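Colleague: Provided below are the primary sequence and the corresponding predicted coordinates.
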Amino acid sequence: MTNDKISSILIANRGEIALRVIRACKELGIKSIAVYSDEDTRSIHVKRADEAYHIGKAPASESYLNMSKIIEIANSVGADAIHPGYGFLSENENFAEMCERNGIIFIGPKSEAMEITGDKMKCKAVMKKARVPTVPGSDGVVDDVEKAADIAHNAGYPVLIKSAFGGGGRGIRLAEDEKQLRQEFEMASAESKAAFGKAALFVEKNLQRIRHIEFQLIRDSHGNSRHLFERECSIQRRHQKLIEMSPSPVVDQRTREKIGEIAVRAAVAVDYLNAGTAEFLRDQDGNFYFIEINSRLQVEHPVTELVTGGIDLVKLQIAIAQGEEISFKQQDLKMHGCAIECRINAEDPFYEFTPSVGPVPNCNIPYGPGIRVDTYLYPGCTVSAYYDSLVAKLIAWGRDFDEARIRTRNALQEFTIEGINTTIPLYKTIMGEQNFINGELSTDYLERFKLMDKMNEEAKEQSKRASSAAIAAILLQSQFVKKGKGNGSGTIRPPLQKSKWKNTGREINNGI
Ligand code: MV4
């Protein structure tokens, strides 16, 4: 058994997740091996890893997605295992298979399981067989419009026509009635044939005002499966999650046990190995429907780490990858307080979330009780235009939701990133928004409660306050200076330094 132990891991990723994996390696006494592109020569994951190897040019296709290059380096340096992080090659079953063929442990599920989870139709069919509730609709691909109309009639309108080739919301069409269904089905069919050579459409009841709630799963090579509770990820924009939290405000202990057990059944059904996530849609009536399994460590995994009282998911992944058994029983796990994560993206929320890249001359990372920040930022770093816009994750823990929320709000006030625009102002608004406070969440939360308008309003108010404070300070000072008197407390204060940064809404997050 001892010579099965992993002694070195190549991390096929960059940014905060590469740093996260390096930390786990260091705790376990495992050698960490970084890879990097031309764009990342000065990135911190390169410095923090025990070894680092250049793998190619800036575009991901020529570096972090270059499977043969990464395998070649892993082979030449004798890496026992590869951790793919999230994104890039993490859900690529061909890459997992390449690792398997080369005798390298892929830290994730087996390629066979990834092949099923990566195919929505196949996965849905497997889940139905395993009595995992799925969204009402067609059992598989529907190739003729008459059948589609039949299924839609039984499921009840409105329905969605989804393409098996779609993802992240692409290829989904809405039909309110049969006339629309016939129209949309023909159009979707033609579009799919043009793009992929064949149509693979299915029909589902359109669930409305839904919440996105997912369960963290782990399963070892001895067949032990556990769920690590839920995360509510309903606050998102264009299928990009923005805020995640655990517990979900609508999941009580009974529901947690019930859906958790279903999630475990889903993992068993595809012979899942290692960490994964079962995603569900929850409708207004409280019904949960399985939609897919994500076969990777997720961006929001820290939320689960905090509410399970400190389970280290990356260390657990490594333990499972080297054949160890999960050391705790389901009943040993207790939901511990509340955690909220905000994804800090280098995007301008005042300008349609346009990517904002370039040098970061300075930054202030918040800390304090219950605060965790996973980030690759450092003063003087550069945010690249080539990769994901996520630059930091702020995760706050509290004994209850309100403590976590207040800690998030305060940490956001402390968080400054100079040189680029970020999503911080939006999160500041959300933390004080009444519906968020009430746990009134849905996937259309931002539009439903006009959060972008509220953010703009607050920015305007803040800039007004800031400029009047600056004017007052200047007036006060000049008055007292002329008269040669103090300001009443024995000192003359200079005008507020902050004000020059606060005089426009757009720059509110810059350089404060
Ligand atoms: C749905 C749905 C409503 N009804 N399916 C969008 C991406 C894909 N992963 C699943 N998606 C949806 N499927 C039925 N039958 C609503 C969505 C959806 C959504 C799902 C999860 C998180 C955010 C979303 C935002 C819009 C729509």
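Modeller: That came through fine. In this text, all values refer to a predicted model and were calculated from it rather than measured experimentally.

Colleague: any idea which residue sits dead centre in the chain?
Modeller: A centroid search over the chain (Cα atoms, centre = their mean) returns residue 299, at 3.8 Å, as the residue closest to the centre.

Colleague: does it touch residue 241 like I think?
Modeller: Yes: counting by Cβ atoms under 8 Å, residue 299 does reach residue 241; the two are 7.2 Å apart. The C-beta positions use only the backbone N, C-alpha and C, and glycine is treated the same way.

Colleague: common neighbours of these two, please.
Modeller: Common contact partners of residue 299 and residue 241 (Cβ atoms under 8 Å, 6 or more residues apart in numbering): residue 343.

Colleague: dump the residue contacts of the residue nearest to residue 273 when sequence neighbours are not counted.
Modeller: Nearest non-adjacent residue to residue 273, counting by Cβ to Cβ, 6 or more residues apart in numbering: residue 109, 4.7 Å away. By Cβ under 8 Å, 6+ apart, the contact set of residue 109 is 96, 117, 272-274, 276, 295.

Colleague: identify the residue nearest residue 370 in space, chain neighbours excluded?
Modeller: Nearest one to residue 370, counting by Cβ to Cβ, 6+ apart, is residue 397 at 4.3 Å.

Colleague: check contacts around the closest residue to the ligand within the stretch 401-512 of the chain.
Modeller: Taking Cβ to the nearest ligand atom, the ligand has its nearest neighbour within the stretch 401-512 of the chain at residue 443, 3.9 Å off. Going by Cβ under 8 Å, 6+ apart, residue 443 touches 210-212, 234, 236.

Colleague: and the ligand, which of these reach it?
Modeller: 210, 212, 236 (Cβ under 6 Å from any ligand atom).

Colleague: quick check, residue 229 in a strand?
Modeller: Yes: counting by DSSP: H, G, I helix; E, B strand; the rest coil, residue 229 is found in a strand.

Colleague: distance of residue 137 from the ligand?
Modeller: Taking Cβ to the nearest ligand atom, to the nearest Å as the measure, residue 137 falls 7 Å from the ligand.

Colleague: how much space between the residue nearest to that residue when sequence neighbours are not counted and the ligand?
Modeller: Nearest in space to residue 137, with sequence neighbours left out and distances taken as Cβ to Cβ, 6+ apart, is residue 204 at 3.6 Å. Per Cβ to the nearest ligand atom, residue 204 is found 4 Å from the ligand.

Colleague: ditto for residue 254
Modeller: The gap separating residue 254 from the ligand is 24 Å, by Cβ to the nearest ligand atom.

Colleague: where does that residue land in three-state SS?
Modeller: In three-state terms, and counting by three-state DSSP, residue 254 is helix.

Colleague: and the residue of the stretch 401-512 of the chain closest to the ligand, what element?
Modeller: Counting by DSSP states H and E, no helix or strand carries residue 443.

Colleague: tell me the pLDDT at it?
Modeller: In this model, residue 443 is scored at 98, pLDDT.

Colleague: give me phi/psi at it?
Modeller: phi -70, psi -10 (degrees, to the nearest 10).

Colleague: gap between it and residue 432?
Modeller: Remark: distance between residue 443 and residue 432 (Cβ to Cβ, to the nearest Å) = 21 Å.

Colleague: shaky segments in the stretch 401-512 of the chain?
Modeller: Scanning the stretch 401-512 of the chain with the threshold set as pLDDT under 70 gives 480-512.

Colleague: where along it do the helices fall?
Modeller: Using DSSP state H, counting those that start in this stretch, the helices of the stretch 401-512 of the chain run over 401-414, 424-431, 434-437, 445-448, 451-483, 499-502.

Colleague: got those as CSV, with mean neighbour count columns?
Modeller: Formatted as CSV, those follow (neighbours: other Cβ atoms under 10 Å):
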stretch, mean neighbour count
helix 401-414, 19
helix 424-431, 23
helix 434-437, 14
helix 445-448, 16
helix 451-483, 14
helix 499-502, 17
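
Colleague: of all the ones you listed, which lies closest to residue 149?
Modeller: helix 445-448 (30.7 Å; Cβ to Cβ).

Colleague: report the distance from the closest one to the chain centre.
Modeller: When C-alpha coordinates are averaged (Cα atoms, centre = their mean, to the nearest Å), helix 445-448 and its chain have centres 19 Å apart.

Colleague: pull the residues that contact that helix.
Modeller: By Cβ under 8 Å, 6+ apart, the surrounding residues in contact with helix 445-448 are 234-235, 237, 435-436, 442, 451-452.

Colleague: what about residue 40, how many neighbours?
Modeller: 26 (other Cβ atoms under 10 Å).

Colleague: next, it: phi, psi?
Modeller: Residue 40 has phi and psi values of phi -110, psi 20 when expressed as degrees, to the nearest 10.

Colleague: how confident was the prediction at it?
Modeller: Per-residue pLDDT puts residue 40 at 98.

Colleague: how about it, nearest residue that isn't a chain neighbour?
Modeller: residue 14 (5.6 Å).

Colleague: about what we covered before: could you dump the helices of the stretch 401-512 of the chain to JSON lines with distance to the ligand?
Modeller: Listed next are those as JSON lines, based on distance: least, Cβ to the nearest ligand atom, whole Å:
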{"stretch": "helix 401-414", "distance to the ligand": "21"}
{"stretch": "helix 424-431", "distance to the ligand": "16"}
{"stretch": "helix 434-437", "distance to the ligand": "17"}
{"stretch": "helix 445-448", "distance to the ligand": "10"}
{"stretch": "helix 451-483", "distance to the ligand": "15"}
{"stretch": "helix 499-502", "distance to the ligand": "34"}
